[in-house]
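In: A structural model of the following input is requested.
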Amino acid sequence: MRLLKAFLFLLMTLAGPVFASGTPLQPLVDATAPGAVLRLAPGQYVGPVHLAHPVTVIGGPGVHLDGGGQGTVLTVDAEGVRVEGLRLTGSGDSHETKDAGITLTKAATGAVIEGNLLQGNLYGIDVHGARDAMIARNVIEGRQGHRMNQRGNGIYVWNAPGTVIEGNDIRWGRDGIFVNTSKRNVFRGNRFRDLRFAVHYMYANDSEVSGNLSMGNHLGFAVMYSKKVRVLDNVSIGDRDHGVMLNFTNRSVVRGNYVQDGAKKCLFVYNAHKNEIVDNRFERCGIGIHFTAGSERNDVTGNAFVGNRTQVKYVSTKWLDWAAEGRGNYWSDFVATDLDGNGIADGTYRPNDSIDQMLWQQPAARLLLGSPAVQLVQWAQSAFPALTPGGVMDSAPLMRPVEIAVPDWGKSYGG
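Out: Modelled structure (predicted):
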């Protein structure tokens with residue numbers, strides 16, 4: 001009897017955690033033939049899981065894989081793997097090993113990660129060296145505790161050429177997508193909320209970020225130390241610092257973007273050269289566009305500057321004309337005429353005068369703005385443009401602004 005009780009106690013001890021936590025998924029994966037499909041019934045599954053051969057894992061409502069707080073929940077380590085319809089939780093806490101909901105290793109060429117829900121993991125998806133991966137229509141909700149800079153990224157892309165990230169909804173954590181030392185990546189049609197940066201480029205060339213929506217983040221789209229990046233048709237609403245930032249970015253295109261209600265700057269251009277900034281709309285920001293640190297030979301045409309407290313911040317001793325081939329930009333604070341009806345204003349727009357430049361260099365001088373001397377200088381410069389110092393001018397201002405629609409899933413901002 002004593003031996004029987006000991007045996008039953010041992011059996012319960014061994015079996016208890018399995019029934020409490022769910023079904024181990026690794027044996028099911030190992031039993032699936034290469035190239036076959038493993039369809040999971042609703043229920044709780046136990047990780048971590050390592051996919052070391054080509055297999056398709058398909059879940060659905062009620063399929064939940066938990067990593068138990070150890071390492072990465074699911075690691076893809078083979079070519080041609082597909083993971084769809086899983087809820088993944090319970091990664092570890094190590095930034096050194098980049099514990100994630102899903103990790104794609106260098107061997108995971110052509111992996112497809114689609115329609116999953118990743119919640120509360122340190123990193124959502126880590127694309128670590130995999131080529132030509134597709135990350136589509138996932139919902140990624142990162143961590144909210146600790147300081148924002150101590151959290152992981154929604155999707156981290158490192159040295160993963162050809163990665164396409166499309167239609168994902170990413171919230172909380174650190175950066176929505178952080179890409180480092182990669183090329184030929186496309187980030188398209190994603191939504192980002194409550195993050196540090198929505199999209200953060202570092203040393204990532206020949207890539208595209210298009211049709212994305214950034215709402216209520218510290219910064220929308222940051223392109224840094226990169227070249228030949230296409231920033232197209234993105235929307236930034238209520239991002240705290242900048243809607244778009246070009247920092248040491250060269251030979252890139254910023255076109256068709258809409259930045260609205262930024263507390264500081266719609267567009268910040270720092271030491272960036274030979275870029276095309278065309279047909280964007282910058283509206284209701286502290287500064288519409290800020291050029292600094294010797295940014296030169298950039299084309300700035302067709303943009304709309306609407307209701308910004310300061311339309312342009314650019315300090316220079318020489319004139320820089322933001323008009324090309326008879327087409328400039330629209331300025332909401334420019335009272336203009338168009339006698340010939342060609343859509344181009346008859347006069348030249350100069351957004352900044354010597355008082356503006358003095359205030360940027362000596363903010364304390366703002367106390368003198370109401371003085372008769374300052375008002376006399378401003379009147380003289382408006383009446384006699386030759387007295388105005390160098391800076392931005394627009395010799396062919398547009399009479400109408402470019403119109404850019406906000407995507408449907410941006411109309412619920414704050415929800």
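In: for the chain, name the helix or strand with the lowest mean pLDDT.
Out: For the chain, counting by mean pLDDT, DSSP states H and E, helix 2-21 ranks last in confidence among helices and strands (a mean of 35).
In: what's the very next helix or strand once past it packed up against?
Out: Scanning forward in sequence from helix 2-21 by DSSP states H and E, the next helix or strand is strand 23-24. Here strand 23-24 is seen to pack against strand 43-46 when contacts are counted using 3 or more C-beta pairs under 8 Å, 6 or more residues apart in numbering; DSSP states H and E. Heads up, the C-betas are built off the backbone N, CA and C, glycines and all.
In: each with direction, which strands does the helix or strand just after the strand it packs on pair with?
Out: Counting by DSSP H and E, the element after strand 43-46 in chain order, helix or strand, is strand 49-51. According to DSSP bridges, strand 49-51 has the following sheet partners: strand 74-76 (parallel).
In: centre of the chain to the next helix or strand after the partner strand, how far?
Out: Once strand 74-76 ends, the next helix or strand along the chain (criterion: DSSP H and E) is strand 82-84. Relative to the centre of its chain, strand 82-84 is centred 24 Å away, using C-alpha atoms, centre = their mean, to the nearest Å.
In: identify the residues contacting the next helix or strand after strand 82-84?
Out: Once the chain leaves strand 82-84, the next helix or strand it forms, by DSSP H and E, is strand 87-89. By C-beta atoms under 8 Å, 6 or more residues apart in numbering, the residues outside strand 87-89 that reach it are 47, 59, 63-67, 73-74, 101-102, 116-121.
In: next, the buried residues of strand 87-89.
Out: R87, L88, T89 (16 or more other C-beta atoms under 10 Å).
In: average pLDDT for that strand?
Out: The predicted model assigns strand 87-89 a mean pLDDT of 98.
In: tell me the helices in the protein, going along the chain?
Out: Listed in chain order, the helices found in the chain under DSSP state H are 2-21, 26-30, 354-361, 372-383.
In: can I get the shortest one in PDB? Just the C-alpha atoms.
Out: Pointing back at helix 26-30 there. As requested, the backbone C-alpha atoms of helix 26-30 are provided in PDB (Å, rounded to 0.1, in the frame of the first residue of the first chain):
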ATOM      1  CA  GLN A  26       7.200  20.400 -29.700                       C
ATOM      2  CA  PRO A  27       6.400  16.600 -30.000                       C
ATOM      3  CA  LEU A  28       3.500  17.500 -32.400                       C
ATOM      4  CA  VAL A  29       5.800  19.500 -34.500                       C
ATOM      5  CA  ASP A  30       8.500  16.800 -34.500                       C
END
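In: now do that helix: distance to the chain's middle.
Out: When C-alpha coordinates are averaged (C-alpha atoms, centre = their mean), helix 26-30 and its chain have centres 36 Å apart.
In: mind listing what the closest residue to A324 other than its chain neighbours touches?
Out: Taking C-beta to C-beta, 6 or more residues apart in numbering, and ignoring the residues beside it in sequence, A324 has T301 as its nearest neighbour in space, at 4.9 Å. For T301, the contacting residues are I277, V278, W322, A323, A324, R327, G328, N329, taking C-beta under 8 Å, 6+ apart as the criterion.
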